[in-house]
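Asker: Quick one, structure for this:
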Amino acid sequence: MKENTLNIEDDAVADVTQRTQENDVDAGGSDGYTGKDVGFHLIPKLASMAHAALNGAVGDTLHNREHVLTVNEGFYFRGNPVNNLNAEYVSGSASSRKLMIFLHGACCNERIWEFSPKSIDPETSDTELTDYGIQIHDSSGYRPFYFRYNSGLSIALNGEKFAEHLERLVDELMVDVEEIVLVGYSMGGLVMKSALAWASEHDASFLPLIKKAFYLGSPHYGAPLEKIAKVANAVLERLPFLVTRLVSQIMGFRSQGIKDLGFGDVTPYTGGYWIEHIEHHFVGGTLHSNESHPLSFFLGDLLVRQSSVFPMKDQGHFIERGIDYRYRLFPGVNHVQLQRNLGVLRYIEQNL
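Answerer: Residues are numbered from 1 along each chain as shown. Okay, the predicted model is just below:
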C-alpha cells in the first residue's frame, strides 16, 4: 500500500542528558515534573546528545565495565526517569487503561521524539514541545510511555530488558491495562521484535495485551551502512598493510548494537516476533518525493532501503499464519522525519 502524504520539515529536537537531570528539574522550579518543559540550556543538550551517541558507539563496553557513563534503561519523560509509574506526568492520563510505548533509535534517547507544535500546525501559538505520544493521548486517550535503552548493547539483550520493564510496568500500574500499542523507530523497532520473541518464548503476561505494533523505518533485513562497514572491515583486515589493519581494529571497536543493525534479525528466537494476534504496521519513507526516483530506490529514506523497511520476504509467512500486516510509504519523508511528521502521526491515529 503506497500513498503520498504531507511531509513536514521541522527543527532539531532539544535533548537533556541523563547526567544533568537533577539540574534540569531544579531549573524548572520543581522537585518533580508534570509534563511542563524544564529549563533548556545548550550545554545539557550537547551533553545528552554526546552521552547517547557514546553509548551507541561503545555502550556494550561501558556496560561490561559498569562505567558511570552507561545508560540506565527504563521509562523516562522529558529526560527524567519515571520512578512513580502511577504519577500523572501527562495531564489526565493516569486512569487510562490503554498504553502506547515508544522506543527510540540508535545513538539517541527518548527525547528524539519531541518536536515543535508549529511543525504540525503553523497557526498554533503553543510553544511547549510535543510528540506523538502527547498528540495521541489528546486525541485517543492512550497513555504514553517512553523507553530508554543502551543502544550499544545487543538488540537481543535490549529486547529482553524492554520486555522485563514492560512486564513490571503492567504489574505496577494501579489500573488494569486493556491494550498496549508499541511504536519503535529504526533500531527501536528491532528491539520491539526481540522483546516480542522473548515474551512469546517465556509466556509473558503482557503479550496478549499488545494489539498493534508500528515499525517506523526499522531495518528488518539490515541497514546498508552497517553492511558496508562489515565488508570494509573484512577487506581492510586482510590487506598486508599496518595502516589498514589499524583502521580495521578501530572499526572493530564499534558496539554490538551497531553491528546488529547489519543483520536486522538478531534474536535467538527467529520468527517468534511475528505474533499472530498483533496487527503489524511497517512504515517507511523516501528521500525523494517520487517513490520511483533512483534516490528513493537505491537510498530509501537515506539510512534504510524500502526492501528492508518492508519485510516482503515474510509475506508468505504472514499470509499462511493469518497475520494482519500493512505497509505504508511516505514519499519525501526521510529517516529522521519519520518520528516527527504529520502524515505518520495521522496514520498511527487512524489505525488505532
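Asker: Let's see the pLDDT reported for the residue nearest to the spatial centre of the chain.
Answerer: What sits nearest the mean C-alpha location of the chain, by C-alpha atoms, centre = their mean, is H104, with 2.5 Å. Per-residue confidence (pLDDT) for H104: 96.
Asker: For the stretch 1-150 of the chain, which segments count as strands?
Answerer: All strands of the stretch 1-150 of the chain, identified by DSSP state E, counting those that start in this stretch, fall at 74-77, 80-81, 98-103, 143-148.
Asker: Mind checking these for the one nearest to G56?
Answerer: strand 143-148 (12.2 Å; C-beta to C-beta). Yep, even glycine has a C-beta here, placed from its N, CA and C like the rest.
Asker: Check which helices and strands that closest one is in contact with.
Answerer: strand 74-77, strand 98-103, helix 132-140, helix 155-172 (3 or more C-beta pairs under 8 Å, 6 or more residues apart in numbering; DSSP states H and E).
Asker: Pull the number of nearby residues for the spatially closest residue to F75 that is not a sequence neighbour.
Answerer: Excluding the flanking residues, the one nearest F75 by C-beta to C-beta, 6 or more residues apart in numbering is V82, at 4.3 Å. Neighbour count for V82, taken as other C-beta atoms under 10 Å: 19.
Asker: Tell me which residues touch V82, please.
Answerer: 74-76, 89, 145 (C-beta atoms under 8 Å, 6 or more residues apart in numbering).
Asker: if we go to 7 Å?
Answerer: For V82, the contact set (C-beta atoms under 7 Å, 6 or more residues apart in numbering) comprises 75-76, 89.
Asker: any idea how far E279 is from it?
Answerer: Noted for V82: a distance of 27 Å to E279, by C-beta to C-beta, to the nearest Å.
Asker: pLDDT wise, what is the residue nearest to Y89 when sequence neighbours are not counted at?
Answerer: Sequence neighbours aside, F77 is the residue nearest to Y89 in space, at 5.0 Å (criterion: C-beta to C-beta, 6+ apart). We have a pLDDT of 89 for F77.
Asker: F77: neighbouring residues, count only.
Answerer: 20.
Asker: ok, now Y347?
Answerer: 19.
Asker: So it: helix, strand or coil?
Answerer: helix (DSSP: H, G, I helix; E, B strand; the rest coil).
Asker: was I right about it contacting R326?
Answerer: No: with contact defined as C-beta atoms under 7 Å, Y347 does not reach R326; the gap is 9.5 Å.
Asker: Let me know how buried the closest residue to L169 other than its chain neighbours is, in neighbour terms.
Answerer: Distances taken as C-beta to C-beta, 6+ apart put L85 closest to L169, at 5.9 Å, once the chain neighbours are dropped. Other residues within reach of L85, judged by other C-beta under 10 Å, total 16.
Asker: mind listing the strands for the stretch 151-300 of the chain?
Answerer: Counting by DSSP E, counting those that start in this stretch, the strands of the stretch 151-300 of the chain are 179-185, 210-216, 279-285.
Asker: Adding distance to E160, mean pLDDT and mean neighbour count as columns, could you present those in CSV?
Answerer: Output for the strands of the stretch 151-300 of the chain, formatted as CSV (distance: least, C-beta to C-beta, whole Å; pLDDT from 0 to 100; neighbours: other C-beta atoms under 10 Å):
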stretch, distance to E160, mean pLDDT, mean neighbour count
strand 179-185, 15, 98, 24
strand 210-216, 16, 98, 24
strand 279-285, 20, 97, 24
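Asker: Run through the helices of the stretch 151-300 of the chain in chain order.
Answerer: Per DSSP state H, counting those that start in this stretch, the stretch 151-300 of the chain carries helices over the ranges 155-172, 187-201, 224-238, 242-251, 256-260, 294-299.
Asker: If anything else comes up later, I'll come back, but that's it for now.
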